[in-house]
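> Just the structure for this:
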Amino acid sequence: MHRSSTAWLAGTLLVAMLAGQGGAAYAAAARTFVSAQTGADGNTGVNCGPTAPCRTFGAALGVTSPGGEVVVLSSGGYGPFTVTQSVTITAPEGVYAGISVPSGAGINLNAPGIDVTLKGLTINGTGGASGIVVNKAQSLSVERLTVSNFPGSPSDPTASGIDIGGAVELKVVDSTFNNCLFGIIMFNGVNALVQNTRFLADYTTNVVFGTPGTTYSGIIVQTVDNVSTTSLTARHCYFNAGVYAGFNALPLNNTTGGLVRIAIEDSTVFGGSYGFFTQTNVAGNIVVTVADSTFDVLNFGISANGNPPFTTTVTISGSSITNMLNYALATSAGNATIYTLGNNSIANNGTVVGGGNTTGNIVAVARQ
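Numbering: from 1, shown residues only. The predicted model follows:
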């Protein structure tokens, strides 16, 4: 008993001594604050409290306990940062929390097993490659996120709003991606829900990497490691005429396996070139369902390719595919099949080139 008391007292004195040396030993806070108006990163010594907030997210994260929260108090620019702990970062509605990205990524998640939530942030590319890059994490959830201006270049062909890979849970809600080469690129085991989210750009006919105002794919889903299943559910999403392809499934370099699953629900792709497509060099299996969605004024509604021995299967129900310049539905490259249930509206297509609604391996299935 005496030895325990002595150890406790020694530990208490050590903490007090360290605290007197710049506050390095202060206990992390469950909730910290940042302010562009009154914040100073020297306030880490008092854990970035509401009356003495920090200036940057990076400083606040350093004194936020794992699983804690960083709250934005005032509008302004806060700069890029890296996350290595579970945390929620919140900019309340009406508060602008801007992150300008001159190079690299605006936000980098880089620790295994962490769960990160981002609310109300605005990320703007000013020469950088991506808005958010997930190198390591267990989950990422974003709400009210706005990511703009990551057009890429010939030397950087994967510029994106969110670049995420591995066995990570992704949730994107009530967000906007504007003028990003890829709005979201996910690969090698990501399981994603994207809901109530817009993908916007100003359409240019010839997509050139680095051209402002062109989004090549709103969401691209890949498996390139032979073994992973990468899954996307897109619900209540909108893609405008500046998006070359709303959805792109592109497994590559596989020799024995790898699977991409996509469910498109109650979503709209208006204008551009493709509602959904897989390129001819796919090397993996693809399973897609489209339900209660609208594709209007494109070149192709659904264009599916499946290179043997891999297969691509698309099933469409309750959807409208109209006013295509070419085909509403098209398959090529062997093992691709599109199944249409009996409650779709497929009409007024092939008005400029082609001359029909469908081409390739299209199977009409009576609805049970």
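> where along the protein do the helices fall?
Ranges of helices in the chain, per DSSP state H, are 2-19, 57-62.
> Quickly, which of these bottoms out on average pLDDT?
Out of the helices of the chain, helix 2-19 stands lowest, with a mean of 37 (criterion: mean pLDDT).
> What's the local residue count around G128?
Residues within reach of G128, counting by other C-beta atoms under 10 Å, total 21. Placement of C-beta: from N, CA and C, glycine included.
> can you tell me how far it sits from G152?
Applying C-beta to C-beta, to the nearest Å, the value for G128 to G152 is 11 Å.
> can you map out the strands along the stretch 1-150 of the chain?
Applying DSSP state E, counting those that start in this stretch to the stretch 1-150 of the chain gives strands spanning 29-34, 64-72, 76-77, 81-83, 87-90, 97-101, 105-110, 115-119, 121-125, 130-136, 139-143, 146-150.
> Not counting sequence-adjacent ones, nearest residue to R31?
Using C-beta to C-beta, 6 or more residues apart in numbering and skipping the chain neighbours, the partner closest in space to R31 is E69 (4.9 Å).
> residues in contact with that neighbour?
Neighbour list for E69: A30, R31, T32, V87, T88, I89, T90 [criterion: C-beta atoms under 8 Å, 6 or more residues apart in numbering].
> Quick one: residues contacting the residue nearest to T158 when sequence neighbours are not counted.
Nearest non-adjacent residue to T158, counting by C-beta to C-beta, 6+ apart: I185, 6.2 Å away. By C-beta under 8 Å, 6+ apart, the contact list for I185 reads T158, S160, I162, D163, I164, S217, I219, I220, Q222.
> Just put the residues you listed in a markdown table and tack on neighbour count.
Below are those laid out as a markdown table (neighbours: other C-beta atoms under 10 Å):
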| residue | neighbour count |
| --- | --- |
| T158 | 15 |
| S160 | 29 |
| I162 | 31 |
| D163 | 22 |
| I164 | 26 |
| S217 | 28 |
| I219 | 31 |
| I220 | 22 |
| Q222 | 23 |
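> quick one: least confident helix or strand in the protein?
Every helix and strand of the chain was ranked by mean pLDDT, DSSP states H and E. The lowest is helix 2-19, at a mean of 37.
> per-domain residue ranges of the chain.
Using automatic domain parsing, the domain parsing of the chain gives 1-66, 67-365.
> is the residue nearest to T158 in a bridge, and if so with what?
In this entry, I185 is beta-bridged to D163, I220, by DSSP bridges.
> how about V224, what does it touch?
F187, N188, P251, L252, N253, N254, G258, G284.
> Can I get those residues in CSV including neighbour count and distance to L121?
Below are those laid out as CSV (neighbours: other C-beta atoms under 10 Å; distance: C-beta to C-beta, whole Å):
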residue, neighbour count, distance to L121
F187, 23, 23
N188, 20, 25
P251, 30, 31
L252, 14, 31
N253, 13, 34
N254, 19, 35
G258, 27, 32
G284, 30, 33
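> Mark which of these are part of strands, please.
F187 (DSSP state E).
> closest to R235 among the contacts of V224?
F187 (20.7 Å; C-beta to C-beta).
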